[in-house]
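1. Build the 3D model from these lines:
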Amino acid sequence: MTIMKIGTKLTLRYLFATTLLVVAVFAVLETLLFPRTGYDMLTILNVKLLIIWVLSFTLLFVIGYFMARSVLKPVSKIIKQVEDITASNLSKRVEIDNQNDEIAELAETFNGTLDHLEKSFEAQKMFISNVSHELRTPMAALIAELELSLHKERSNEDYKKVVENALADAHSIEKLSTGLMDLAKASYNAKQISMSSVRLDEVLLDASAMVMKAHGDYNVDLIFGNDTDDYSMVTITGNEYLLRTAFVNLIENNCKFSSDRSSKVQISFSKGKVFVRFSDTGIGISDKDMEHLFEPFYRGENRNFSMGHGIGMALVDRIVKLHKCTITVDSRRGQGTVFTLAFEHI
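-> Below you'll find the model as predicted:
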């Protein structure tokens, strides 16, 4: 990290010196310009006041000039260093010797802004790199399949197989692009997202129906843990589309990593909270993968068990944070995984 050193000076000593000098000037003028007898006191008073005004103004101007230079000097240094900072050298920071003045607070605030900018730029670079990599694989496979089919004549069955493979690659690209758009929406500021009253039981029904329609071999067992006619107990303030997206991802995650392709979803409420649990009896998640579970594009030890792009769990995490709820994960290798979401109901 490049260090830019900024020195700041206290101005209290100048204020103190100014006070002493003004008092001294007045004392000297009092002695020299106020004789006891022999002068017209009114004339002398006018002269004295004029001289005192001129000398005081001059003295205050000179001292104020040096005080201003002392105060603004570190600000000028900060400005010069800031002009040298670009997107390619965001690692530069400002170091402050004196931690007890306003200049130090300014530099610390600027350093904090640079920290956020550097993290954002690094995340953006990583995101673009990962997206490029994920898109390149299905696109390359699609192009290869089509080019190979043009090289020689094939039977109708061969052409059908080529079309099926190309369609599978196209679906993979579509799913990736949809996931990226949802990830972008979930990255918005909470104030930019429309929120309304949402019944979680209805969203879960929609999500489970969507999963089973898209995957004929998936099975979702939806269980309501409490019986009540008060729908407010399962109603929260949220965005229905994003919640449905998160639930679909969790259900699909349960199903695709389970040998029986099933997910058990349970909704219950207690003490002002609504709990939604997504459980399976699948292969589980290792401790190492658990540490990176919500990182975008991370593919753990289970990558060979099922296809994916590593977007789903990162998307779930961002949606959960937008809705200010908590998510806990309990997983055991070879026994299964349970995701528990806790919402504040209205």
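2. helices and strands around the helix or strand where residue 177 lies, which ones?
-> Assigned by DSSP states H and E, residue 177 falls within helix 156-186. Packing partners of helix 156-186 (3 or more Cβ pairs under 8 Å, 6 or more residues apart in numbering; DSSP states H and E): helix 102-151, helix 240-256, helix 312-322. Backbone N, C-alpha and C define where each C-beta goes, glycine included.
3. buried ones in stretch 290-301?
-> Across stretch 290-301, burial judged by 16 or more other Cβ atoms under 10 Å covers 293, 294, 296, 297, 298, 300.
4. Would you reformat the helices and strands packed on helix 156-186 as CSV and include mean neighbour count and distance to residue 194?
-> What follows is the helices and strands packed on helix 156-186, written out as CSV (neighbours: other Cβ atoms under 10 Å; distance: least, Cβ to Cβ, whole Å):
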stretch, mean neighbour count, distance to residue 194
helix 102-151, 14, 25
helix 240-256, 23, 9
helix 312-322, 22, 12
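5. now the helix holding residue 177, how far from the centre of its chain.
-> 30 Å (Cα atoms, centre = their mean, to the nearest Å).
6. List the contacts of the helix or strand that that helix is followed by.
-> Where DSSP H and E defines the elements, the next helix or strand beyond helix 156-186 is strand 196-199. Outside strand 196-199, the residues that touch it by Cβ atoms under 8 Å, 6 or more residues apart in numbering are 231, 234, 235, 236, 237, 238, 239, 240, 243, 346.
7. Show me what counts as buried in strand 196-199.
-> Using 16+ other Cβ under 10 Å as the burial criterion, the residues of strand 196-199 that qualify are 198, 199.
8. CA atoms only: put the next helix or strand after it into PDB for me.
-> Later in the chain than strand 196-199, the nearest helix or strand by DSSP H and E is helix 200-214. The C-alpha coordinates for helix 200-214 follow below in PDB (Å, rounded to 0.1, in the frame of the first residue of the first chain):
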ATOM      1  CA  LEU A 200     -45.200 -16.700   2.500                       C
ATOM      2  CA  ASP A 201     -47.400 -19.700   2.200                       C
ATOM      3  CA  GLU A 202     -48.700 -18.600  -1.200                       C
ATOM      4  CA  VAL A 203     -45.200 -17.800  -2.400                       C
ATOM      5  CA  LEU A 204     -44.100 -21.300  -1.400                       C
ATOM      6  CA  LEU A 205     -47.000 -22.900  -3.200                       C
ATOM      7  CA  ASP A 206     -46.000 -21.000  -6.400                       C
ATOM      8  CA  ALA A 207     -42.300 -21.800  -6.000                       C
ATOM      9  CA  SER A 208     -42.900 -25.500  -5.500                       C
ATOM     10  CA  ALA A 209     -45.300 -25.600  -8.500                       C
ATOM     11  CA  MET A 210     -42.700 -23.900 -10.700                       C
ATOM     12  CA  VAL A 211     -40.000 -26.400  -9.600                       C
ATOM     13  CA  MET A 212     -42.100 -29.500 -10.300                       C
ATOM     14  CA  LYS A 213     -43.300 -28.100 -13.600                       C
ATOM     15  CA  ALA A 214     -39.700 -27.400 -14.800                       C
END
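9. Show me what helix 200-214 is packed against.
-> strand 219-224, helix 240-256, strand 262-270, strand 273-279.
10. Make TSV from these and add distance to residue 91 and mean pLDDT to it.
-> Formatted as TSV, the helices and strands packed on helix 200-214 follow (distance: least, Cβ to Cβ, whole Å; pLDDT from 0 to 100):
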stretch	distance to residue 91	mean pLDDT
strand 219-224	48	93
helix 240-256	35	91
strand 262-270	45	93
strand 273-279	41	95
